[in-house]
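**Q** Need coordinates for the following:
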Amino acid sequence: MPDAALATVGPVASDAAAAAVPIARNHMNRDGLFTNTDISKTSVPTFRRDESFEGTFSGGVHGSALYVEDRSRGSGAFFVATDSNYVYALDEATGMPLPGWPIQAGPPALRAAGSTECTGFSPIGITGTPAIDLETRLVVFDAVTGDTEGNIVAHTIQGWSIDDPAKVPRWTLDVSAKWPAFHAGSQNQRGAVLIVKGVAYVTFGSFNDCAPFHGWVVGVPLANPSAAQAYMTPVIGAGIWGPGGPASDGTSIFAVTGNRTQDLDSDASPRWAGSNAVFRFGPDLTFSGERADYFAPPDWDELDRTDLDLGSSGPLLIDAPAMKPSALVVTLGKSGVAYLLDRNNLGGLDAGPVASATIVQGLPGNEGQIINAAAWATVSNTTYIVVKGYFEATAADCPLPQEGTGYDLLAVRLDPDAPNRMQTAWCVASGGMGSPSITMSDASHDALVWTEGAEGDNGLHAWDLVTGARVYFSGEEALGPVRRFTTPIAVHGRVFVAGDGTLYAFKSGAASGR
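**A** The predicted structure is shown next:
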């Protein structure tokens, strides 16, 4: 439906993008890959908590930290958004808030749709990871604001200057005021924000499937927010909530929907209307309706009825040199199935995927759900996809290590000669619920997978991407409370994890942790 003061952080040099982490998963293809010459298989075993970095703030964090370099003073800033609607700018060297920060985007809400049962967490403020545009120097996010009784009043997409706190906000867009069909009280914004060519893309799902809600993608031109456009799924439900957020190849926007809530009890033959599907949109969020621009698996109706969202992770755009086609979209859902799609022809309802395979399955009594963002990288012409299953799950091709436990983190190797074009390379027990990221020292060496033991052992972990061998474990209780959708990031030889109240820093040779 078309229509539908950080004065100490100066301008970034033209080549500074390589040192910035401006969006979640680091790149618009959502690969979760960080190239850092100082992080290697030799240096990582000596990593410790960096005691010189304070990194403390107030509030819970559902998203990941972002980073912008400032070469004029030799130190940059980390940006962290909280569920209390505060945005913090933390000095790269000390971890202390920079002058003029934090700033609050408005009072948070305490409940959605008038009920804490719909919400799942409280307070509700900024949930999805923001994004930073390096050209306009704006950080963009969605903030939920509440009334005096704690009920949701509005979702506002806001653009703030990262250079001058006195000019915050630069602009604010009330989503319901722009599109009355948007029900602020029951929509949730969990997916990470994406910025492509001066337009911020923000996706919306729901709180615990509490109606009424739709899947939404909102595109906001940073230079002219009043010209924002949007797409809303025709069917009720079909939220776009995967924490990895939408992805882009630099032109098109890709998003994945979840289950519908409309007509699930009807005896009539169901008609697909946008649920459990991969979409490709134009930059203005137009959707052609052509089969080349969407994909839904044959069992989309069953996925709807069993709440096994295809869109629980978010799309990965993969360029795999050994594969044909090599330009792929990979989508992973609660069913534990991975789908490889031709990025130039998604296939619609009829053609089917390039390949599909169950890569994660549940232990008895549990579903093999994939609800975290995934990561990928290519090493020696072989592409690996790293996937985190539910805490009580196992990789489909891996034996159980012992009764009652499972391997819940695995790497899938793309292989054009394999029956399903995917083979499990390795699997491990990750120790928690954190989403994975990958570091490499250059384009082909020292590929490591990082996760934090969110809601589990509270440790920082690293594994060899190719073999699955453990390279690092920080020890239990190295982190405080960390939410499952956060992802470690790498900046200038250090690895950072955003937890509730603290941005943790680890580096080689640092003093022992607290």
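**Q** Straight-line length of stretch 406-415, end to end?
**A** Stretch 406-415 stretches 25 Å from its first residue to its last (C-alpha to C-alpha, to the nearest Å).
**Q** ah, wrong one, I meant stretch 333-350
**A** By C-alpha to C-alpha, the extent of stretch 333-350 from end to end equals 20 Å.
**Q** Check which residues of it are buried.
**A** Residues 333-343, 345-348 are the ones in stretch 333-350 that count as buried (16 or more other C-beta atoms under 10 Å). Heads up, the C-betas are built off the backbone N, CA and C, glycines and all.
**Q** and of these, the nearest to Thr382?
**A** Taking C-beta to C-beta as the measure, Thr382 sits nearest to Leu340 out of those, at 14.8 Å.
**Q** Figure out the helix or strand that that closest one lives in.
**A** Using DSSP states H and E, Leu340 sits in strand 337-342.
**Q** contacting residues around that strand?
**A** Residues outside strand 337-342 that contact it (C-beta atoms under 8 Å, 6 or more residues apart in numbering) are 278, 295, 297, 310, 323, 325, 327-332, 347, 353-359, 385, 387, 412, 414, 421-422.
**Q** Now find how far off-centre that strand is within its chain.
**A** Chain-centre distance of strand 337-342: 18 Å, with C-alpha atoms, centre = their mean, to the nearest Å.
**Q** Just checking, which helix or strand succeeds that strand along the chain?
**A** Downstream of strand 337-342, the next assigned helix or strand under DSSP H and E is strand 355-358.
**Q** what lines up beside that following strand in the sheet?
**A** Paired neighbours of strand 355-358 in the sheet (DSSP bridges): strand 337-342 (antiparallel).
**Q** could you give me the average pLDDT of the partner strand?
**A** Here strand 337-342 scores 96 as its mean pLDDT.
**Q** ok, now stretch 271-284?
**A** The average pLDDT for stretch 271-284 rounds to 97.
**Q** For that stretch, buried residues please.
**A** Neighbour-count burial for stretch 271-284, counted by 16+ other C-beta under 10 Å, picks out 272, 274-283.
**Q** The longest helix anywhere in the chain - contacts with which helices or strands?
**A** Criterion DSSP state H: the longest helix present in the chain is helix 300-305. Contact partners of helix 300-305 among helices and strands, from 3 or more C-beta pairs under 8 Å, 6 or more residues apart in numbering; DSSP states H and E: none.
**Q** could you dump that helix to CSV, C-alpha only?
**A** Only the C-alpha atoms of helix 300-305 are listed here, as CSV (Å, rounded to 0.1, in the frame of the first residue of the first chain):
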residue,chain,number,x,y,z
TRP,A,300,2.4,-23.0,4.2
ASP,A,301,-1.2,-23.7,5.5
GLU,A,302,0.1,-26.4,7.9
LEU,A,303,2.8,-24.0,9.1
ASP,A,304,0.1,-21.4,9.7
ARG,A,305,-2.1,-23.8,11.7
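**Q** Check the offset of stretch 374-389 from the chain's centre.
**A** The answer for stretch 374-389 is 16 Å, by C-alpha atoms, centre = their mean.
**Q** Regarding that stretch, how distant is the last residue from the first?
**A** Terminal residues of stretch 374-389 are spaced 10 Å apart (C-alpha to C-alpha).
**Q** Pull out the buried positions in it.
**A** 374-379, 383-389.
**Q** Could you tell me which of the buried residues of stretch 271-284 belong to strands?
**A** Members of the buried residues of stretch 271-284 lying in strands (criterion: DSSP state E): 278-281.
**Q** and Asn177, that one's in a helix?
**A** For the record, residue 177 is Ala, not Asn. Yes. Ala177 forms part of a helix when assessed by DSSP: H, G, I helix; E, B strand; the rest coil.
**Q** can you count the residues close to it?
**A** By the measure other C-beta atoms under 10 Å, the count of residues near Ala177 is 11.
**Q** For it, which residues are in contact?
**A** Contacts for Ala177 (C-beta under 8 Å, 6+ apart) come out as Ala154.
**Q** ok, Tyr504 to Asp457 distance?
**A** Counting by C-beta to C-beta, to the nearest Å, the gap from Tyr504 to Asp457 is 14 Å.
**Q** And those two? Which one has more around it.
**A** Set Tyr504 next to Asp457 and count neighbours by other C-beta under 10 Å: Tyr504 wins out with 25 against 20.
**Q** What separation is there between the more buried one and Gly480?
**A** In this view, Tyr504 and Gly480 are 8 Å apart by C-beta to C-beta.
**Q** Also Pro297?
**A** In terms of C-beta to C-beta, Pro297 sits 39 Å off from Gly480.
**Q** With neighbour numbers in mind, choose between these two.
**A** Pro297 (22 against 13).
**Q** Kindly state the pLDDT recorded for the more buried one?
**A** We have a pLDDT of 96 for Pro297.
**Q** if we can go back for a sec, of the ones in strands among the buried residues of stretch 271-284, which is the nearest to Ser122?
**A** For these, the nearest to Ser122 is Phe279 (31.2 Å; C-beta to C-beta).
**Q** What is the neighbour count of Glu135?
**A** Counted with other C-beta under 10 Å, the neighbours of Glu135 add up to 12.
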